[in-house]
Every structure is written in C-alpha cells, then in structure tokens.
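Pasting the sequence and the predicted coordinates here, then a few questions.
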Amino acid sequence: MLCLKSFNEAYLCESEELVARDDIFSKYKYALAHIGVDFYQEDVQEALLNRIEGFEDAIRATLAYWYWLKEYSRPFYRNACIIQAMNEGWDSRYWKDSYLDNPNFKNPCNIFWEEAGKVWGFDVRNQIIADVNSDDKGYEYVMFRNGKTISLLAARRLGWERLKEYALEKY
C-alpha cells in the first residue's frame, strides 16, 4: 500500500514532517482505501500533502462521516470528502476508536500473516515466512526464509498447500 512519500509532489515536503505524517497515514490508509479514496488522484494527493495541522483529525472526520452516511443510507463522495476535510481542517469530535475495528480496514499483509499462522500453525509459519509486507509503490509480497518472494495476490491464488510446497522447494 502506498505511503505519502510515493505521491507525486512529496518531494516538496520537509522529510521529517513527511515521515511524521506518513506514520499517521499508515494507521488509516487501509480504511481510506476501503471506503474508496483514490490515492492516485492528483487532487487527493495534493490535499493529503498540504494539510499539516489537524492531519489526523481530518482523516478521522472523513471516516466518521462515512460511517454516519452509511448508517443513514446516503451517498458518499469519497474523494471530494477527503479533499474537503483536508482543505477545511475538519475536526474529529465524532470519531470513535472502535471504527478501526472494522475487519475491512485491516492491513492485508497482517491478515495474511495471521491466517498463515492459523492454517499452518505458528511455528511452521515462522519457519517458512520471513516477512509479509508492501513497498512504497503498494506492491504487497510474501518473502520466504529460503529467499523466494511472491506477490501477496499470487500467494492467495495458490492456496495454502501449494504455497507451502512452493516455499519449501529448493531453487
């Protein structure tokens, strides 16, 4: 999944400031992606990069608003909403920490890691898989202890038994 550094205009930001905001962004990016925010849209990137004060509040307000609109079956204009929240500095007074408990808001890499432990057993998983992660461009992958790497999407398509065989075979 993307990080703020991978956006087109990220080079215009101070690196320390960008790192701090990216830590916040990382906490919410899967939730924003699930509600449909298009991080490749230039004006969305610009809004996320330009908001310094109240960055987390604006993200939380967007997610709280999404929950409210969903509850009342009203339309949600995701990109316009995040842009407006960032530009106007929405506050997060309606935010509930429980909003992040939504299983659709979880990091797919962490979900895969947990599922592998349940399917193969935690000891076997730890012996086979070195890491499940994503790069700055959003490429999600599984890295095995034997040095092989496979995309997370391909790993899911293989299924658990074939993936285990792939991970255990020699080059």
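Structure received. Numbering: from 1, shown residues only.

As a check, name the ranges of all helices in the protein.
Remark: helices assigned in the chain by DSSP state H are 15-34, 42-50, 55-71, 78-88, 108-120, 122-128, 152-158, 160-168.

OK, contacts around the most centrally placed residue in the chain?
For the chain, residue 30 is the residue whose C-alpha lies nearest the centre (Cα atoms, centre = their mean; 3.2 Å). Going by Cβ atoms under 8 Å, 6 or more residues apart in numbering, residue 30 touches 1, 105-108. To be clear about C-beta, it is placed using only N, CA and C from the backbone, and glycine gets the same treatment.

Adding neighbour count, write those out as a markdown table.
As requested, the contacts of residue 30 are arranged in a markdown table below (neighbours: other Cβ atoms under 10 Å):
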| residue | neighbour count |
| --- | --- |
| 1 | 21 |
| 105 | 18 |
| 106 | 15 |
| 107 | 17 |
| 108 | 16 |
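
Out of these, which is nearest to residue 18?
residue 1 (16.3 Å; Cβ to Cβ).

The helix or strand of the chain with the lowest mean pLDDT: which residues count as buried?
Using mean pLDDT, DSSP states H and E, helix 15-34 stands out as the lowest-scoring helix or strand of the chain, at a mean of 88. Across helix 15-34, burial judged by 16 or more other Cβ atoms under 10 Å covers 18, 21-22, 25, 28-34.

what do you get for stretch 111-118?
Result for stretch 111-118 [16+ other Cβ under 10 Å]: buried residues 112-113, 116.

nearest to residue 140, of the helices of the chain?
helix 152-158 (3.8 Å).

Can you name every helix or strand that that closest one contacts?
Helix 152-158 sits against helix 108-120, strand 140-144, with contacts defined as 3 or more Cβ pairs under 8 Å, 6 or more residues apart in numbering; DSSP states H and E.

How far off centre is the last one?
Distance of strand 140-144 from its chain centroid, counting by Cα atoms, centre = their mean, to the nearest Å, is 16 Å.

do the same with the first one
Per Cα atoms, centre = their mean, the displacement of helix 108-120 from the mean C-alpha position of its chain is 16 Å.

from the contacts of residue 30, which is closest to residue 38?
Nearest to residue 38 out of these is residue 1 (Cβ to Cβ; 13.3 Å).

quick one: pLDDT of that closest one?
For residue 1, the model assigns a pLDDT of 54.
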